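Undergrad: Requesting a structural model of the entry that follows:
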Amino acid sequence: MTEFIPPGTRFVALPDPFPMRRGDALHGARVAYETWGALNAARDNAVLILTGLSPDAHAAANESNPEPGWWEAMVGPGKPIDSDRWFVVCVNSLGSCKGSTGPASIDPATGAPYRLSFPELSIEDGAEAALCVLRELGIERLACVIGNSMGGMTALALLVRHPGIARSHINISGAARALPFSIAIRSLQREAIRLDPQWNGGDYDDDQYPESGMRMARKLGVITYRSALEWDGRFGRVRLDSDRADDEPFGLEFEVESYLEAHARRFVRRFDPNCYLYLSRSMDWFDVGDYCERRGGPSEGQTRAGLAKISVEKALAIGVHTDILFPLQQQQEIADGLRDGGADARFLPLESPQGHDAFLVDIARFGPAVRGFLDGLA
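TA: Prediction:
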């Protein structure tokens, strides 16, 4: 069981105990974060970035860690999220294995990793942990909170639970609730991990590790993070040059299979399986409509009413036509709901062929949209 913490990561101790939304509490917990730029005298130029499931807090190179980050092209001096103007804070999600307390962390009560004794994790728990970072840094109100993918959910949870915490919001390929398709995909990913004998009920180590389950889970994820259009353009039906081994009659044959295999192998030993399970399930449970009085079962109207309870001055919801995991109607729903609550909210659909992960790679489209929004803040 290994935690993967980038050099230069900073930490904030959470209140002890730190109550979890679905019951129980954490003791001696912490959350990891990194910063760029400087907080001004008025303390009103802070931008918070909340991440998807797997990234750490190292969004870009900084003084503490000069290595490129996962959003290097977007964060830094002169970049769309300009650290010459903004004090940028990126928080690693509670429940992760990259600095914040999660199932791979040591339980102070036992001296052993939490594993499945970690309390049930909700998106809201991550929002409350991020709030603790802001308070530690002396930030009472954000200029903007930016949430990508799962981070879009976390941002909405923060906004609905803490009115006035931010003047504005950018939601990128996010959602106000989990849809059945994305729940189904994540369910299959979790099943692949749990059915690997090496998972052993969550009691594994670096020698006895659910490699196959994690590989399958990651491959399923990558397939949904990109689009069929991109797969066709990048790989077509090109076959591998090498012949298949005699003992692998159904082994890798096409280049797209080889790509998925290589991608999965790079990931599996860099992310803890139990953390993956907890964070994945937290997305399935989230619905901002829970913050309205329910009449009957969950509904689209209920979710939109929950969004209308959020108070921000301006908002931008960005989505991609080829995103099958967090489809465009979910970003449209966010913009419409925030507008119902009085925000100057805009929905921006982009034509990128790169699916859900477009915000990580299609900077030519996402960069100007984010820069333009932030430049428009008074």
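Undergrad: List of residues touching stretch 329-342?
TA: 152, 156, 169, 171, 173-177, 179, 288, 300, 303-312, 315-319, 345-349 (C-beta atoms under 8 Å, 6 or more residues apart in numbering). Backbone N, C-alpha and C define where each C-beta goes, glycine included.
Undergrad: buried subset of these?
TA: With burial judged by 16 or more other C-beta atoms under 10 Å, the buried subset of the contacts of stretch 329-342 is 152, 156, 169, 171, 173-177, 288, 303-312, 315-319, 345, 347-348.
Undergrad: quick one on the thing from earlier: which of the contacts of stretch 329-342 fall in strands?
TA: In strands, defined here by DSSP state E, the members of those are 169, 171, 315-319, 345-349.
Undergrad: Could you work out the most separated pair of those?
TA: 169 and 349 (17.5 Å; C-beta to C-beta).
Undergrad: Run the chain-centre distance for stretch 332-351.
TA: When distances are taken as C-alpha atoms, centre = their mean, to the nearest Å, stretch 332-351 is centred 20 Å away from the chain's centroid.
Undergrad: Can you give me the buried ones in that stretch?
TA: For stretch 332-351, burial by neighbour count (16+ other C-beta under 10 Å) applies to 333-339, 341, 343, 345, 347-348, 350.
Undergrad: same check, this time on stretch 99-115
TA: 99-105, 107, 113-115.
Undergrad: Can you check the distance spanned by it, start to finish?
TA: Terminal residues of stretch 99-115 lie 16 Å apart, using C-alpha to C-alpha, to the nearest Å.
Undergrad: and it, average pLDDT?
TA: In this model, stretch 99-115 carries a mean pLDDT of 97.
Undergrad: residues in contact with that stretch?
TA: So stretch 99-115 is in contact with 1-3, 5-6, 9, 11, 14, 26-32, 56-57, 91-97, 116-118, 129, 202-203, 272, 274-275, 277-278, going by C-beta under 8 Å, 6+ apart.
Undergrad: of these, buried ones?
TA: 1, 3, 5-6, 9, 11, 14, 26, 29-32, 56-57, 91-97, 118, 129, 202, 272, 274-275, 277-278.
Undergrad: From those, which land in strands?
TA: Those of these lying in strands (DSSP E): 11, 26, 30-32, 91.
Undergrad: Serialize the buried residues of stretch 99-115 to CSV and add fields for secondary structure and distance to residue 146.
TA: Converted to CSV, the buried residues of stretch 99-115 look like this (DSSP: H, G, I helix; E, B strand; the rest coil; distance: C-beta to C-beta, whole Å):
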residue, secondary structure, distance to residue 146
99, coil, 19
100, coil, 18
101, coil, 23
102, coil, 22
103, coil, 27
104, coil, 27
105, coil, 26
107, coil, 32
113, strand, 32
114, coil, 29
115, helix, 32
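Undergrad: Let me know the closest of the residues you listed to residue 79.
TA: Nearest to residue 79 out of the buried residues of stretch 99-115 is residue 99 (C-beta to C-beta; 23.4 Å).
Undergrad: Look up the closest residue to the closest one, ignoring the ones flanking it.
TA: Excluding the flanking residues, the one nearest residue 99 by C-beta to C-beta, 6 or more residues apart in numbering is residue 32, at 2.7 Å.
Undergrad: For that neighbour, which residues count as its bridge partners?
TA: residue 11 (DSSP bridges).
Undergrad: before we move on, back to that, among the ones in strands among the buried ones among the contacts of stretch 99-115, which two are most distant?
TA: 26 and 91 (15.8 Å).
Undergrad: show me where the stretch 251-378 of the chain has helices.
TA: Using DSSP state H, counting those that start in this stretch, the helices of the stretch 251-378 of the chain run over residues 255-268, 273-285, 300-308, 328-340, 358-361, 363-375.
Undergrad: Including mean pLDDT, could the ones you listed go into CSV?
TA: Listed next are those as CSV, based on pLDDT from 0 to 100:
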stretch, mean pLDDT
helix 255-268, 84
helix 273-285, 98
helix 300-308, 90
helix 328-340, 97
helix 358-361, 95
helix 363-375, 98
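Undergrad: Redo those as CSV? Include distance to residue 143.
TA: Listed next are the helices of the stretch 251-378 of the chain as CSV, based on distance: least, C-beta to C-beta, whole Å:
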stretch, distance to residue 143
helix 255-268, 33
helix 273-285, 26
helix 300-308, 21
helix 328-340, 17
helix 358-361, 20
helix 363-375, 8
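Undergrad: just so I know, which of those helices lies nearest residue 235?
TA: Closest to residue 235 of those is helix 255-268 (C-beta to C-beta; 4.1 Å).
Undergrad: Could you pull out the buried residues of the closest one?
TA: Going by neighbour count (16+ other C-beta under 10 Å), the buried part of helix 255-268 is 255-256, 258-260, 263-264, 267-268.
Undergrad: cool, stretch 220-239 as well?
TA: Of the residues in stretch 220-239, those buried (16+ other C-beta under 10 Å) are 220-227, 230-231.
Undergrad: closest to residue 190 among those residues?
TA: Nearest member of the buried residues of stretch 220-239 to residue 190, counting by C-beta to C-beta, is residue 220, at 10.2 Å.
Undergrad: Give me the domain ranges for this protein.
TA: According to automatic domain parsing, the chain is divided into the following domains: 10-179+286-375, 183-280.
Undergrad: now do the same end-to-end measure for the longest one.
TA: With C-alpha to C-alpha as the measure, the first residue of domain 10-179+286-375 is 28 Å from its last.
Undergrad: now that domain, how far from the centre of its chain.
TA: The answer for domain 10-179+286-375 is 7 Å, by C-alpha atoms, centre = their mean.
Undergrad: still on that earlier bit, pretty sure the residue nearest to residue 99 is touching residue 91, no?
TA: Yes - between residue 32 and residue 91 a contact is recorded at 7.3 Å, counting by C-beta atoms under 8 Å.
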